[in-house]
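>>> no letters, just coordinates:
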Ligand code: DC
């Protein structure tokens, strides 16, 4: 199943550097940048706001069914709005959201909703979309797949430098072991380990691997 516009899929674990790389690749190519982690984070923020225990999958499913999420494009990237409120970086990256997001993201109905939303974004035009299941589930037929990795030590220190103390190892464990759309290296993806290269070098490697022309 081909898409009307190219979509570059960038997957990888928490704090692997995939967001910075994806944003710069999108800027270089003039494509719209979509951070799907922020959609799961926005859902989690809304679920927590309605006082639902994120460990209770039934309660999460019920709460999520009533949440209205939109992804308008502003200055080349998608934002996430819940009931017309645009979520701030502070809200998306708060400690409670960091702790709960993998629990909310493993609920199948939440994933179905957000995957449908992500697929619909292709109507906008060419995309760089990053997440955990973009090359494996959301756009499995894209010929442009990247998997960004970095060592656990490097990822933990990057997360710390961003001022967050969340347990990325625990988040990775939940993301890799969940039944529904776990984090995997998608078939056909080019793996780029950026533990010991600069951001610019990583972007160059992605552009070279894509062979878009
Ligand atoms: O990319 P991120 O760390 O902001 O993502 C936050 C969480 O959202 C991550 O721990 C798992 C979930 N996620 C997902 O399950 N599928 C995606 N496509 C993107 C994120």
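The structure has been received and is ready for your questions. Owing to the predicted nature of the structure, the values given are computational and were not obtained by experimental measurement.

>>> check contacts around residue 164.
By Cβ atoms under 8 Å, 6 or more residues apart in numbering, residue 164 lies in contact with 93, 95, 98. The way it works is simple: take the backbone N, C-alpha and C, and place the C-beta from them, glycine included.

>>> isn't there a helix covering it?
No - counting by DSSP: H, G, I helix; E, B strand; the rest coil, one finds residue 164 to be coil, located in no helix.

>>> look at it and report its pLDDT.
Per-residue confidence (pLDDT) for residue 164: 70.

>>> next: residue 175.
Reported pLDDT for residue 175: 86.

>>> for beta bridges, what are the partners of the closest residue to residue 189 other than its chain neighbours?
Nearest residue to residue 189 in three dimensions, chain neighbours excluded: residue 145, at 3.9 Å (Cβ to Cβ, 6 or more residues apart in numbering). In this structure, residue 145 bridges to residue 9 when assessed by DSSP bridges.

>>> pretty sure residue 145 is touching residue 188, no?
Yes - counting by Cβ atoms under 8 Å, residue 188 is a contact partner of residue 145 at 5.5 Å.

>>> comparing these two, which residue is more hemmed in?
Set residue 145 next to residue 188 and count neighbours by other Cβ atoms under 10 Å: residue 145 wins out with 25 against 13.

>>> filter the contacts of residue 164 down to the buried ones, PyMOL style.
Under the burial definition 16 or more other Cβ atoms under 10 Å, those of the contacts of residue 164 that qualify are selected in PyMOL by:
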select buried, resi 93+98
